[in-house]
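Asker: fold the stuff below for me.
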Amino acid sequence: MQEVETDLDLISAILAGDTGSYAVLVKRHQRFVFTLALRFARSREDAEEIAQDCFIKAYKALGTFKQTSKFSTWLYTITYTTAMTYLRKKRFNSSSIDDEEQVLQLANNDSSFDADAVEKKSTYKYLNEAIAMLLPDDAAIITLFYKGEQSLEEIGQALAMDPNTVKVKLHRARHRLKEKLQFLLKEEVKELI
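Answerer: I've put the predicted structure just below:
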């Protein structure tokens, strides 16, 4: 049975010239980086582009990783800054979606095209829809805390915030998520009646 290499082992191999180890590192973190990028971009194409840019930037900057935090925290910091930069650039090229009501309407329009009715009724599906309705910062904090299982300190490092600020923002994001879930579930009850 082969031992699974840690992120630090892979990074050491990459820095020593084994560029093939980077594929293992990417495969290990690609799903979560993509999920986080999708929370910001809200379109699959944009999220794929952001995720690809993140891994390119991470590869180029791998020598600067100081190992004072987990690799995933460092990578999610890159994801956050790359997503914010991408969205700022995109905002100049297209109309801005600053209004939360417009985001809510877009999320509802997207959900109407969902063909799999069974999946739509699942709790997981509603949770993802509710997270998609949140503002990008709220969605990122919820995603990092619950899906990424990052501590408040790690989220603080990733988002360049004090852990206490993260705690307050997480509390507020949970409250907004609860409101979005109540809205979605209320609409589901209306459809059933």
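
Asker: center of this structure - which residue?
Answerer: For the chain, the residue nearest the mean C-alpha position is Leu36 (1.1 Å; C-alpha atoms, centre = their mean).

Asker: relative to Leu185, how far out is that one?
Answerer: 25 Å (C-beta to C-beta, to the nearest Å). Yep, even glycine has a C-beta here, placed from its N, CA and C like the rest.

Asker: hang on, the earlier thing: so which strand or helix has the residue nearest to the centre of the chain?
Answerer: Using DSSP states H and E, Leu36 sits within helix 21-41.

Asker: can you tell me the closest non-neighbouring residue to the residue nearest to the centre of the chain?
Answerer: Taking C-beta to C-beta, 6 or more residues apart in numbering, and ignoring the residues beside it in sequence, Leu36 has Thr79 as its nearest neighbour in space, at 5.1 Å.

Asker: what do you get for Leu38?
Answerer: Among residues not flanking Leu38 along the chain, Ala47 sits closest, at 3.9 Å (C-beta to C-beta, 6+ apart).

Asker: correct me if wrong: that neighbour contacts Arg31.
Answerer: No. Taking contact to mean C-beta atoms under 8 Å, the distance of 11.5 Å between Ala47 and Arg31 leaves them out of contact.

Asker: quick one: which of the two has more around it?
Answerer: In this view Ala47 and Arg31 are compared by other C-beta atoms under 10 Å, and Ala47 has more residues nearby, 21 against 11.

Asker: for the more buried one, give its distance to Glu179.
Answerer: With the distance defined as C-beta to C-beta, Ala47 ends up 24 Å from Glu179.

Asker: kindly report the same for Leu170.
Answerer: Shown here: Leu170 relative to Glu179, a distance of 15 Å by C-beta to C-beta.

Asker: please apply the same query to Glu154.
Answerer: When distance is defined by C-beta to C-beta, Glu154 is 26 Å away from Glu179.

Asker: so between the two, which is more surrounded?
Answerer: Regarding Glu154 and Glu179, a neighbour count based on other C-beta under 10 Å identifies Glu154 as having more, with 22 against 13.

Asker: appreciated, that's everything.
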